[in-house]
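J.: Pasting a predicted model and its sequence here:
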Amino acid sequence: MDSILDKIKTVEDVEGSLRKKFSLTLNPFPKSGIANISDTDAVVGELVPTSNEITEKIIRYMQDALSNSGQGSENKYLSLIIRGDYGMGKTQTLMFIKYLFGQLSNEKFKPYVVYIDNPGVKLSELIGNILSQIGIENFRRYLWDIFRQYLEQEDKENDNRLRKDIFLESINNLKTTNTPTLFPIDEAESTTDIPLTWDQVSISYKYLLDRMLNGLHSPEQKVAIQIFKNYLVKCFAERYEISSIAEYFYDIVTDNTSVTKTWDQLITGNIKNIDKREVYLLKAIVDITKQYLGATDFIILADEFEEIAIGRLKDADLDNYLRNLRSLIDKEKNWCAVFAMNLDAHRKIEKMSPPLASRMGDRIIDLKPLDKQSCIAMIQHYLAIARVEANTPLSLYPFEESAIVSLLNTKEQKLQGSPRFIIQSCYLLLQRAAEELNKGQTIDQAFVMKYLSEKLK
């Protein structure tokens with residue numbers, strides 16, 4: 001038993017062995033062979049696509065997506081499909097695109113990018129995921145600021161008085177002479193005899209609501225809450241024109257319910273109504289986010305789209321989803337998108353909705369199995385992440401080319417040239433090499449066959 005435990009414990013010093021034997025700080029290959037969406041920019045930036053053609057297509061797409069030379073700043077929609085079988089590196093390609101957009105941030109370009117790793121079974125879930133990426137608390141602050149600005153404007157229907165004054169007057173009218181005013185003096189501040197200002201009490205919905213309800217009995221509290229709601233809903237209804245969106249934003253501001261639950265309330269009625277709500281809701285979300293983050297562009301990266309097209313949905317539900325997505329793309333164009341999916345999923349979309357397939361595939365990048373040259377390049381880039389001496393020339397060491405040739409010669413056709421299989425294998429081989437090889441030795445064909453002979457020819 002002790003000998004078994006001792007063998008397991010050798011993992012304790014793998015990083016030390018990697019450093020001493022191969023001048024690597026760590027094993028840079030993901031265990032699962034799948035890109036880690038939490039990787040730092042330093043890591044993602046090293047993992048340049050191994051195909052110059054793919055890199056060039058990414059560059060062209062990004063150039064055209066960010067261009068303002070078209071008609072109107074709100075006619076920006078441009079779509080790209082990353083197409084490839086399972087394990088071909090779709091997620092890694094999306095991560096690299098996300099990294100490049102992030103590196104472009106300057107006085108002319110400030111793209112805001114959201115990455116969705118699961119589009120959900122309804123288009124509404126995709127939009128809910130976008131909100132989650134922005135951050136509910138962040139978005140709540142944006143909406144609250146919009147409401148405060150709304151109250152600072154004149155009300156033309158009420159002698160051009162400030163909406164804020166009318167709002168406060170309606171609340172104070174509910175209070176008797178024995179109840180505190182809307183801006184009471186805190187006991188801790190009583191010595192200063194300085195009442196709280198509007199800016200102080202309106203810092204958040206909950207704080208202002210507490211001040212409003214202070215000293216009111218239950219019946220008056222209900223009236224005050226309804227007055228508050230009426231103002232909030234009217235603010236968003238006037239700005240975004242759709243009452244259901246106004247109610248949705250009200251729920252976010254008041255923390256009345258979760259995004260998913262709110263969407264369940266929104267998604268009622270026929271397809272036309274659903275389309276209209278989703279279209280205008282996404283437009284509002286994009287406009288608000290661009291305004292408050294100073295973003296010039298809004299980019300949506302949607303991974304695993306085959307889960308929708310050939311996964312969890314029945315054909316009738318898929319047809320509804322695709323029609324809604326087509327409506328979203330057709331009616332509002334203040335965002336761009338990149339969809340990752342396999343070839344079967346794209347064929348399914350082409351069959352069920354040729355117009356949508358055309359709209360989604362303005363540009364297409366096909367990821368193909370790695371050959372020897374591209375496989376070597378990929379491994380070199382991964383190893384560069386872990387080199388003790390940064391900025392050293394790309395090198396395959398401690399792997400030999402014979403090892404790469406072996407990894408490409410798989411028994412199963414679907415594994416041949418699969419980035420996922422090769423990355424998984426490289427992780428395993430480097431772990432074993434740290435334990436068994438001496439400094440100066442390399443991972444050759446014999447070493448590869450020792451551990452992967454059941455999968456290789």
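T.: On my side now, so go ahead. Numbers count the residues shown, from 1 in each chain.

J.: Contact partners for Ala433?
T.: Residues in contact with Ala433 (C-beta atoms under 8 Å, 6 or more residues apart in numbering) are 21-22, 398, 441, 443, 447. Bear in mind the C-beta positions are built from the backbone N, C-alpha and C, glycine included.

J.: Next one: it from Ser418, what distance?
T.: Distance check for Ala433 against Ser418: by C-beta to C-beta, to the nearest Å, it reads 21 Å.

J.: go on, Glu435?
T.: Taken as C-beta to C-beta, the span from Glu435 to Ser418 is 26 Å.

J.: Neighbour count for those two, which is higher?
T.: In this view Glu435 and Ser418 are compared by other C-beta atoms under 10 Å, and Ser418 has more residues nearby, 23 against 13.

J.: what about the strands in the protein?
T.: Applying DSSP state E to the chain gives strands spanning 79-83, 111-116, 154-155, 161-162, 297-302, 336-341, 363-366.

J.: how about JSON lines for those strands, with mean pLDDT, distance to Asn68 and mean neighbour count added?
T.: Conversion of the strands of the chain to JSON lines gives the following (pLDDT from 0 to 100; distance: least, C-beta to C-beta, whole Å; neighbours: other C-beta atoms under 10 Å):
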{"stretch": "strand 79-83", "mean pLDDT": "96", "distance to Asn68": "18", "mean neighbour count": "24"}
{"stretch": "strand 111-116", "mean pLDDT": "93", "distance to Asn68": "12", "mean neighbour count": "20"}
{"stretch": "strand 154-155", "mean pLDDT": "85", "distance to Asn68": "34", "mean neighbour count": "14"}
{"stretch": "strand 161-162", "mean pLDDT": "88", "distance to Asn68": "37", "mean neighbour count": "14"}
{"stretch": "strand 297-302", "mean pLDDT": "93", "distance to Asn68": "9", "mean neighbour count": "23"}
{"stretch": "strand 336-341", "mean pLDDT": "94", "distance to Asn68": "13", "mean neighbour count": "26"}
{"stretch": "strand 363-366", "mean pLDDT": "96", "distance to Asn68": "18", "mean neighbour count": "18"}
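
J.: Minimum distance to Glu247: which of those strands has it?
T.: With C-beta to C-beta, the closest approach to Glu247 among the strands of the chain belongs to strand 154-155: 21.7 Å.

J.: check contacts around the residue nearest to Ile349 when sequence neighbours are not counted.
T.: Excluding the flanking residues, the one nearest Ile349 by C-beta to C-beta, 6 or more residues apart in numbering is Ala357, at 4.7 Å. By C-beta under 8 Å, 6+ apart, the contact list for Ala357 reads 346, 349-350.

J.: Among those, which one has the most neighbours?
T.: Highest neighbour count within the contacts of Ala357, by other C-beta under 10 Å: Ile349, with 26 neighbours.

J.: and that one, what pLDDT?
T.: At Ile349, the model reports a pLDDT of 94.

J.: wait, isn't it in contact with Tyr321?
T.: No: here Ile349 does not reach Tyr321: they are 10.1 Å apart, not a contact under C-beta atoms under 8 Å.

J.: quick one: Val223 from Met212, how far?
T.: 10 Å.

J.: Give me the more crowded residue out of those two.
T.: More neighbours surround Met212 than the other of Val223 and Met212, with 23 against 14 (other C-beta under 10 Å).

J.: was I right about that one contacting Lys229?
T.: No: assessed by C-beta under 8 Å, Met212 is found out of contact with Lys229, at 11.7 Å.

J.: how much space between the nearest residue to Gln416 once chain neighbours are set aside and Asp444?
T.: Distances taken as C-beta to C-beta, 6+ apart place Thr410 nearest to Gln416, at 5.0 Å, with adjacent residues excluded. Computed as C-beta to C-beta, the Thr410 to Asp444 distance reads 18 Å.

J.: got it, and Ala340?
T.: Per C-beta to C-beta, Ala340 is found 35 Å from Asp444.

J.: repeat for Val201
T.: Separation of Val201 from Asp444 (C-beta to C-beta) stands at 73 Å.

J.: next one: Gln424
T.: From Gln424 to Asp444 the distance is 19 Å (C-beta to C-beta).

J.: When the two are compared, which one has more neighbours?
T.: In this view Gln424 and Asp444 are compared by other C-beta under 10 Å, and Gln424 has more residues nearby, 20 against 17.

J.: what's the residue lying closest to Leu437 once chain neighbours are set aside in contact with, if anything?
T.: Leaving out its chain neighbours, the residue that sits closest to Leu437 by C-beta to C-beta, 6+ apart is Lys21, at 6.4 Å. The contact partners of Lys21, by C-beta under 8 Å, 6+ apart, come to 398, 433-434, 437-439, 441.
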